[in-house]
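Novice: here is a sequence together with a model predicted from it:
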Amino acid sequence: MSGFEQAVVRVLHSLRPGEVVTYGEVAAEAGYPGAGRAVGRVLATGGDGLPWWRVVTAAGRLVPGHETEHARRLAAEGIAVADGHVLAVPDEVDPAV
DNA sequence: TATCTGACGATAG
DNA sequence: CCTATCGCCAGAT
């Protein structure tokens, strides 16, 4: 387990139900801004134990190759998904906005 | 140590 | 919307 991997895992577990973040956000939150690519690698290698479905690309695009599974899990979390992309990323639930 | 790869990000065409 | 290019980082060979 490298520090990077632990940091990423910790961030993912820090997310609340229905919380969706991007790879860049996870990387920055983990303390490795710009390491979004490495984050994707961790999720891909981690395989299980990690809420990878709460992570999407900066464009709101779902994980390539897992769009169906991803969309299904996001729907279970209450996230609005359509055509392989999230309709919105409510990282901060602000009714004022 | 060097090189390649990848569930990324942004810009440009 | 899609592909191409560059920059980024960590891991694998």
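Specialist: Nice, thanks for sending it over.
Novice: drop to CA atoms for contacts and neighbour counts, all remaining ones
Specialist: OK.
Novice: for A:Gly65, grab the count of nearby residues.
Specialist: 8 (other CA atoms under 10 Å).
Novice: distance of it relative to A:Gly47?
Specialist: 14 Å (CA to CA, to the nearest Å).
Novice: cool, A:Gly18 as well?
Specialist: 20 Å.
Novice: so which of these two has more stuff around it?
Specialist: The neighbour comparison of A:Gly18 against A:Gly47 (other CA under 10 Å) goes to A:Gly18, with 17 against 11.
Novice: how about that one, secondary structure?
Specialist: Using DSSP: H, G, I helix; E, B strand; the rest coil, the secondary structure recorded for A:Gly18 is coil.
Novice: separation between it and DNA strand C?
Specialist: According to CA to the nearest atom of the strand, to the nearest Å, A:Gly18 and DNA strand C sit 23 Å apart.
Novice: check what pLDDT the closest residue in space to that residue that isn't next to it in sequence gets.
Specialist: Excluding the flanking residues, the one nearest A:Gly18 by CA to CA, 6 or more residues apart in numbering is A:Glu77, at 5.0 Å. With respect to pLDDT, A:Glu77 has a value of 90.
Novice: pick out the residue of chain A closest to DNA strand C.
Specialist: Distances between chain A and DNA strand C by CA to the nearest atom of the strand are smallest at A:Ala35, namely 3.7 Å.
Novice: how many residues are close by the nearest residue to that residue once chain neighbours are set aside?
Specialist: Leaving aside its sequence neighbours, A:Ala35 sits nearest to A:Ala27 (CA to CA, 6+ apart; 5.4 Å). When neighbours are defined as other CA under 10 Å, A:Ala27 has 22 of them.
Novice: A:Ala27: helix or strand, and which one exactly?
Specialist: Element membership of A:Ala27 [criterion: DSSP states H and E] is helix A:23-30.
Novice: is DNA strand C contacted by that helix?
Specialist: No: Helix A:23-30 lies apart from DNA strand C when judged by CA under 7 Å from any atom of the strand; the minimum separation is 8.6 Å.
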